[in-house]
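Enquirer: 3D, please:
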Amino acid sequence: MTLTLDTEITTTANSNLVKFGEGTLVFAEGNVNSHARMRIQEGVLEVFDDNQLGKAGGLLTLNGGTVRFRGDTTSSRKITVRGPGGQINADDGHTVTWDNEVNGSGVLTKGGDGTLVLNADNSMKGLVVGAGITEMTDHRGIGESGASLTLRGARARFTSSFTSETTNCGSAPRAAPSPSPTDTRSPGTVVSPTPGPPPR
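Expert: As a prediction, the model looks like this:
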């Protein structure tokens, strides 16, 4: 089921907006919403830009749900990914740039054929790139120390050189590849292992 809201959401200054249910909620293009925090518990929230997620700098929490971006956008809000995990989809031909930290006890999944740019040092449990491209400066974009980077027929692009002895890369979380556990990347490196199943 899909519900499309054609009007803006106006709330009190310290309000929360929570998306429940396995269906899809669409915020119509051009609407600017004013709620303080957004939480996606289930299903999919479709937006065109960051302004539709609430006031600038407000927290976005993913607790098993997905936010799909249908246009280019840049966000300065933090994301908390809880235990069930969460997903960000960027549509084909579009770039979603995230300048603030992604934290929490869950794993972030990237879906959609577009590009997700993670500019901050993040601290979530790990990163799964299920489609398209995810760009990061170095291994600190993947998450906390020891976080796993999992690629499922998709690509991760690093823009700076780095050496990491803790990041696990593969089509599923696993120990660092032999012969050396040291993972060294150069600027512009694209990591692309054997394709695996797409994200749900």
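Enquirer: State the number of residues packed around Ser75.
Expert: Neighbour count for Ser75, taken as other CB atoms under 10 Å: 19. No exception for glycine: its C-beta is placed from N, CA and C like everyone else's.
Enquirer: same deal with Gly21?
Expert: Neighbourhood size, Gly21 [other CB under 10 Å]: 13.
Enquirer: mind starting the numbering at 31 from now?
Expert: That works, and once the first residue is 31, the last one we named lands at Gly51.
Enquirer: part of a helix, is it?
Expert: No: Gly51: not assigned to a helix; according to DSSP: H, G, I helix; E, B strand; the rest coil it is coil.
Enquirer: shouldn't it be in contact with Gly73?
Expert: Yes: here Gly51 lies in contact with Gly73, judged by CB atoms under 8 Å, at a distance of 5.3 Å.
Enquirer: Other residues contacting stretch 93-102?
Expert: 49, 59, 69-79, 83, 90, 112-121, 124-126, 136, 141-142, 144 (CB atoms under 8 Å, 6 or more residues apart in numbering).
Enquirer: Please indicate which of those are buried?
Expert: By neighbour count, with 16 or more other CB atoms under 10 Å, the contacts of stretch 93-102 hold 49, 69-71, 73-79, 83, 90, 112, 115-121, 124-126, 136, 141-142, 144 as buried.
Enquirer: just checking, next helix/strand downstream of the strand or helix carrying Met68?
Expert: Assigned by DSSP states H and E, Met68 falls within strand 67-70. The first helix or strand that comes after strand 67-70 along the chain, using DSSP H and E, is strand 74-77.
Enquirer: Let me see the mean pLDDT of that following strand.
Expert: Strand 74-77 shows a mean pLDDT of 97.
Enquirer: so what secondary structure elements neighbour that strand?
Expert: Applying 3 or more CB pairs under 8 Å, 6 or more residues apart in numbering; DSSP states H and E, one finds that strand 74-77 makes contact with strand 54-57, strand 96-99.
Enquirer: I'd like the ones you listed as TSV, with mean neighbour count, distance to Thr40 and mean pLDDT appended.
Expert: Shown next, in TSV, are the helices and strands packed on strand 74-77 (neighbours: other CB atoms under 10 Å; distance: least, CB to CB, whole Å; pLDDT from 0 to 100):
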stretch	mean neighbour count	distance to Thr40	mean pLDDT
strand 54-57	19	13	96
strand 96-99	23	21	98
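Enquirer: Distance to Val159 added to those, as a markdown table?
Expert: Shown next, in a markdown table, are the helices and strands packed on strand 74-77 (distance: least, CB to CB, whole Å):
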| stretch | distance to Val159 |
| --- | --- |
| strand 54-57 | 22 |
| strand 96-99 | 15 |
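Enquirer: Quick check: which of those strands is nearest to His169?
Expert: Between His169 and the helices and strands packed on strand 74-77, the shortest gap by CB to CB is with strand 96-99, which sits at 24.4 Å.
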